[in-house]
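> With the input below, show me the fold.
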Amino acid sequence: MARTLRTVEKRLGVDTGKIVTTYILCPSCWQMYHPSELPTMQSRLCTAPGCSAALFRLKRMSSKAQKRIPYKVMPVASFTAALARLLMRPGKWEELQLWRKDGDHEPAPPITREEWYAEKDVNEPLTDIYDGWMWRSLRTGIVHQWDSKNLKVNDIDLRKLNQRFVSLKCGLVVHINIDWFRSLKRANYSTGTVWLTINNLPRSIRFLRENTFLLFVIPGPTEPNTEQLNGLLEPFDREIEQLAQGVLFKVFRHDTMEMVHVALPFGPMDTPARLKTAGFVSQNSEDHMCPCCDTPFCSLVDPTCFDHTQFRYRDSAKQLKWKFIHGHSNDPEVQASIVETKGVRMSILDRLPTWNGSSSIPTEIMHLFWGPGTSGQIHRVILIEGSMFTGTGKRSDVTPMDRLTEFLESIWWPNNSGRFQIKIASGGEHPKADEWRNFMRVYPVAISVAWQMWSRHADDEAPLPKKRSNIQQAIVKSRKLLHQRRIKNVSRDEDAEAEDYKALEDIQASRNYHSHYENILRYCAATRIFASREITPQEATRAENFISEAFQSWAQLNCHLTPNFHFTSHLVEYIHTYGPAYAWWVFPYERAIGVLGKANHNGHGSGEVEGTYMQAWWKTMLIQELLTHLQERPDQTEQDQLAICALLKAVKGGAEADRQRGTLMNYIALLSNPHDSARIVFPKQFKLISLRPLGVYAIILQFLRLHFPEFNLTSDAGEASNGIPFDSQGVQSYANVTIGAAKYGSFHHHRGKGFCYGYTKGRHTARIEYILSVNIPRQDPPISVNVALIRCFEHHPQDANHPWSLWATDLGIATWKYNVLGSLEACHLNDLSGQFAFAPVHAPRMGRLWVTFSLDTTSQEPDNSNP
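Coordinates of the predicted model:
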């Protein structure tokens, strides 16, 4: 009998010791040592060249023995061991094969980018990673070989198969994410995480916790540089190189072991992490701001910096050559010269043939647009610090910022939408990416209200700020910074003359309302299109044109733009390569970091808190695996069922479930299949009601007659007929219902009011009055019909007379009569098709009206949202 918790964990298979290894790190140079080396070390000092830092201290135990305590440790999970456990989960092998379409079951040669462009219909949606050109371009059996004589990297096909990687029986394409977060709230302590996801899994389960692998938790308090990060990633790199050649694994209910291959072609991350991981210099480098093209940093003041037709792309083969020269050189001066002149240094991932420099580090839209990214720069710097919210200075006047705040407070949001802090309007606090995203959904209307765009003339400008105000100081600082950049930019032109420099004097940022508002419309429309779950190449190009025009215009308006604005110009290339951005954005990893941050720990750094995070993550995954295997047992006893119930309650209930309800529900809704007929989930509680007192009996009866004429239903009021009378009593009424993880509620129930508005049959906006489950009588088996009683909004006749009207479809915005609802009508619950937010707006000459904002980004908005 097991007497200790450790023994119980080992026997149940939930001991993390077989997956996680805690390495010793040098506190100075980050050199890694396997824990088995600790007892046999001859010296306390690091053995790396040029380093003499102490690795451990001696602690005298109560037994008078001395124990070696490392100063710094790092927990590392073996991906090979984790993959072995994954393949032993019931049904997981089959899930890994679900991506295959016609033509994907037999060996085929890899395609090129040019072939993909030639064959791809520009109007055919990209729905997942499998639709990008990368998926079928990877080659199997390829290794990098460095030719030191000719200074070039050769790709050698060891088995001369000329076969695409995903044509293998089980060719797993994975990606990694590296991110840092502040783990100790009362100290300046940064902890790093390395995550891995298998892209062969369906998108609906790809980012679930049990399918997300936490490989490293990098200790703080500071972040490692590229060379140090290379050393930390070396064990993982060796694993990927071995798995790329193929490893045999046991698979659940397979009689023989299966050969599995793994390829790592890319890693979506924020800008600093992706450049560091891939071996590129900082985005603040003058000559090497962008790893994809040679656009210089100083050109951020020039519209050509945001025009992709003007870019001169870097040669990836030459970049790889210089990286290998850097990595094979032992001369620090040579290495420093390569970094300075070529903007690259060797990355450990460059050894992988599937990793392709700048192509492998896509610009990720969560950080690019919302975290705070370009959205924060536009609102805080271009507009607020650009004096666009400055009032007239009269005490009785309401300022644009006051109007903006008042409008934001008036918005009705579904309770599970995430919302945002109202302080985001003034540029305060530190909003999360979800908050910036929701803010940008309503931004075009919010700015219209704040600036009163209905009555603005084409040449109207915002007032200047007071001379000693913070806004004026920000303007002076920005003007000086941009002036220096303009001088550098002009100096790069060999034909520049004295007049060109003189023209740079006294350039000021524009405060024209209409110019800025047009750019806001372009930007918000583009970000909404880019964030769609499905996107066609044509739509991606249209969004690229919108955002390029906006940024070029802001550059012409002499506004302060950052490298992130330029990086958006390369986003379409990455969407063509890896499919829609939603398929590989980093929202899931941000949520996972949030889960880690809530783990209980002792607050000790140098690897202790990181070890706690690693243990907490993997312990939960192993318990979920145990639960899955228990549920698959064919002959379950009563004790087995009790154990399963207890585990389910522990894993899914309590505070953890409560923490995951907010923005997580939005994310699940994005991943949910909208065509799944079994996606309606009612709560356990319901109320039996009678339809006649509510005055809805005739509506329900007419609905059932229309959709089920074969049952010949009649009224239960005693009308003479040979049909089946429909009973008005005993109808189940629910406060809310979950459809594809989107929650809808009843207006007449206090638990449903927070979810009681939704789209039906496309983009018909409605208030949901009742959610009912009606039984059709005398049927065997009984037939239940799920019905929603709704009142639709009435369309506003002057919908085309608003500042945003020409962009309304792309923005998901529509206008309706204020506080006017249609007559009661019935519809299937399956007809509920999405959620929206709405707010009252007072428009000159039109009075009060309702404006709705679509929260659904499954695809592009339909051209006509009128009922």
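> pLDDT of stretch 758-774, averaged?
Averaging pLDDT along stretch 758-774 yields 92.
> tell me which residues in it are buried?
Neighbour-count burial for stretch 758-774 flags 758-760, 763-774 (criterion: 16 or more other CB atoms under 10 Å). Every C-beta, even on glycine, is put in place using the N, C-alpha and C of the backbone.
> How about stretch 180-190?
180, 183, 184, 189, 190.
> Please apply the same query to stretch 298-306.
Result for stretch 298-306 [16+ other CB under 10 Å]: buried residues 298, 299, 300, 301, 302, 303, 305, 306.
> Which strand or helix spans residue 85?
In the assignment (DSSP states H and E), residue 85 maps to helix 79-87.
> scratch that, residue 214 is what I was asking about
strand 212-218.
> contact partners of that strand?
Here strand 212-218 makes contact (CB atoms under 8 Å, 6 or more residues apart in numbering) with 74-77, 79, 82, 176, 180, 191-197, 224, 232-233, 236, 588-589, 592, 596, 610-611, 613-614, 617-618.
> could you flag which of these are buried?
74-77, 79, 82, 176, 180, 191-197, 224, 232-233, 236, 588-589, 592, 596, 610-611, 613-614, 617-618.
> what's the neighbour count on the residue nearest to residue 847 when sequence neighbours are not counted?
In space, and not counting its chain neighbours, residue 847 is closest to residue 818: 7.2 Å by CB to CB, 6 or more residues apart in numbering. By other CB atoms under 10 Å, the residues close to residue 818 number 17.
> show me the residues around residue 818 that make contact.
Contacts of residue 818 by CB under 8 Å, 6+ apart are 840, 847, 848, 849, 850.
> Could you measure from the nearest residue to residue 489 once chain neighbours are set aside over to residue 285?
For residue 489, ignoring the flanking residues on the chain, the nearest one in space by CB to CB, 6+ apart is residue 298 at 4.3 Å. Distance of residue 298 to residue 285, given as CB to CB, to the nearest Å: 11 Å.
> same deal with residue 165?
Residue 165 is 34 Å from residue 285, by CB to CB.
> for residue 173, same thing?
Distance from residue 173 to residue 285, by CB to CB: 31 Å.
> Those two: who's more crowded?
More neighbours surround residue 173 than the other of residue 173 and residue 285, with 23 against 17 (other CB under 10 Å).
> which stretch of helix or strand covers that one?
Per DSSP H and E: strand 171-184 holds residue 173.
> list the helices and strands that strand packs on?
In terms of contacts (3 or more CB pairs under 8 Å, 6 or more residues apart in numbering; DSSP states H and E), strand 171-184 is packed against strand 189-198, strand 258-266, helix 271-278, helix 587-597, helix 608-631.
> tell me the mean pLDDT for that strand?
The model assigns strand 171-184 a mean pLDDT of 93.
> Could you do stretch 256-264 as well?
Per-residue scores along stretch 256-264 average to 97.
> what does stretch 597-612 give?
79.
> same check, this time on stretch 825-833
93.
> burial of residue 122, as a residue count?
Other residues close to residue 122 by other CB under 10 Å number 11.
> for it, helix, strand, or coil?
What DSSP: H, G, I helix; E, B strand; the rest coil gives for residue 122 is coil.
> Next one: it from residue 809, what distance?
For residue 122, the distance to residue 809 - CB to CB - is 19 Å.
> The one helix or strand the residue nearest to residue 847 maps to pairs with which strands, and in what direction?
Using DSSP H and E, residue 818 sits within strand 813-821. According to DSSP bridges, strand 813-821 has the following sheet partners: strand 783-795 (antiparallel), strand 847-854 (antiparallel).
> just checking, next helix/strand downstream of it?
Using DSSP H and E, the helix or strand that follows strand 813-821 in sequence is strand 825-828.
> Residues contacting that following strand, please?
So strand 825-828 is contacted by 696, 699-700, 702-703, 707, 760-761, 785-792 (CB under 8 Å, 6+ apart).
> Flag the least confident of those residues.
Comparing those by pLDDT, residue 761 comes last, at 82.
> Tally up the residues packed near the closest residue to it other than its chain neighbours, please.
Nearest residue to residue 761 in three dimensions, chain neighbours excluded: residue 831, at 5.1 Å (CB to CB, 6+ apart). Look at residue 831: counted by other CB under 10 Å, it has 18 neighbours.
> which residues touch residue 831?
760, 761, 788.
> Over to residue 192?
So residue 192 contacts 178, 179, 180, 216, 217, 218, 219, 220, 223, 224 (CB under 8 Å, 6+ apart).
> Dig out what it forms beta bridges with.
residue 180, residue 218.
> Need the pLDDT of it.
For residue 192, the predicted pLDDT is 94.
> how near is it to residue 614?
For residue 192 relative to residue 614 (CB to CB), the value is 12 Å.
> can you check residue 274 too?
For residue 274 relative to residue 614 (CB to CB), the value is 23 Å.
> what's in contact with stretch 497-517?
Contacts of stretch 497-517 (CB under 8 Å, 6+ apart): 382-383, 386-388, 447-448, 451, 453, 456, 458-462, 464, 475, 478-479, 482-483, 486-487, 490, 493, 553, 557-560, 803.
> mean confidence for that stretch?
pLDDT averaged over stretch 497-517 gives 89.
> and if you look at stretch 40-58?
Regarding stretch 40-58, the rounded mean pLDDT is 92.
> next one: stretch 22-34
94.
> how about it: buried residues?
22, 23, 24, 25, 26, 27, 28, 29, 30, 31, 32, 33.
> mind checking the end-to-end distance for that stretch?
8 Å (CA to CA, to the nearest Å).
> what residues does that stretch touch?
21, 35, 37-38, 41, 46-48, 50-51, 53-56, 70-76, 219, 224, 228, 231-232, 234-235, 606-607, 611.
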